[in-house]
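Asker: attaching a predicted model along with its sequence, questions to come.
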Amino acid sequence: MKIKTLISLLILIIVIASCEESYTPKPRGYIRIELPEKSYVSFDSTFPYKFEYPAYAKLSSPKEASDQPYMLNIDIPKFKATLFLTYKAVNGNIATYLEDNHVFLTRHISKASAIDESVVASEEHNVWGAIYSISGSGAASPIQFFVTDSSTNFLRGALYFNVVPNNDSLAPVIDFIQKDITHLIETIEWKKNH
């Protein structure tokens, strides 16, 4: 009889103790993202430009590259991201490429809450252009850029993630990759023999 009384008393204490606390839902959280150490690899090939890209990335040629041989994808598998690079030779048509860049950028306006522009200017490497940071949880491409020497070369880049756009939760990764894109742009050099 004592054991039944003791068990009943223990159950009663547990029930009373659990009734005193009220349940509060926890805020929605996201998994912890492990960011790799920064290190860079040089890309210097037969292309008319060279630069440094993150060591954790992989280079690939897109299927559409048959008619544009200097297109390049920088794939970042860990983050399911790709930086698409499109190269165009400038032959007095820089205005057309700048307009095309503007059209691609404006496609994101409906989902963007802001588009911030940073000017790129390197007299040393003859590289001029702009980087666009596109804010908004549904914006498909959070970072785009173009660089040119305005007479011979034009390179455009756009970062996309192979996930449903939620740039609020991707913010740490976007910031991390933006530093890599900035490094890539700072190390771009045009080759004179093209």
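Answerer: Right, received. Where do you want to start? Numbering: from 1, shown residues only.

Asker: mean confidence score for stretch 77-97?
Answerer: The pLDDT scores in stretch 77-97 average 94.

Asker: span of that stretch from start to end?
Answerer: From its first residue to its last, stretch 77-97 covers 30 Å (C-alpha to C-alpha, to the nearest Å).

Asker: repeat that for stretch 43-62.
Answerer: Its start and end residues considered, stretch 43-62 measures 16 Å (C-alpha to C-alpha).

Asker: list the buried ones in stretch 101-119?
Answerer: Buried residues in stretch 101-119, counted by 16 or more other C-beta atoms under 10 Å: 101, 104-105, 108, 111-112, 115. (Each C-beta comes from the backbone N, C-alpha and C, glycine too.)

Asker: put the alpha carbons of it into PDB.
Answerer: The C-alpha trace of stretch 101-119 is given here as PDB (Å, rounded to 0.1, in the frame of the first residue of the first chain):
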ATOM      1  CA  ASN A 101      22.200  45.300 -67.600                       C
ATOM      2  CA  HIS A 102      19.500  47.800 -66.600                       C
ATOM      3  CA  VAL A 103      16.800  45.600 -68.000                       C
ATOM      4  CA  PHE A 104      18.100  42.500 -66.100                       C
ATOM      5  CA  LEU A 105      18.300  44.600 -62.900                       C
ATOM      6  CA  THR A 106      14.800  46.000 -63.200                       C
ATOM      7  CA  ARG A 107      13.300  42.500 -63.400                       C
ATOM      8  CA  HIS A 108      13.900  42.300 -59.700                       C
ATOM      9  CA  ILE A 109      12.100  45.500 -58.700                       C
ATOM     10  CA  SER A 110       8.700  43.900 -58.100                       C
ATOM     11  CA  LYS A 111      10.200  41.600 -55.300                       C
ATOM     12  CA  ALA A 112      13.000  44.000 -54.100                       C
ATOM     13  CA  SER A 113      12.600  46.300 -51.100                       C
ATOM     14  CA  ALA A 114      15.700  48.200 -52.100                       C
ATOM     15  CA  ILE A 115      18.500  48.200 -54.700                       C
ATOM     16  CA  ASP A 116      21.800  49.700 -53.500                       C
ATOM     17  CA  GLU A 117      24.400  50.600 -56.000                       C
ATOM     18  CA  SER A 118      28.200  50.700 -55.200                       C
ATOM     19  CA  VAL A 119      30.500  52.200 -57.800                       C
END
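
Asker: returning to what we had before: in strands, which of the buried residues of stretch 101-119 fall?
Answerer: Using DSSP state E, the subset of these located in strands is residue 115.

Asker: report the two of the buried residues of stretch 101-119 separated the most.
Answerer: By the measure C-beta to C-beta, 101 and 111 form the most distant pair in the buried residues of stretch 101-119, at 18.2 Å.
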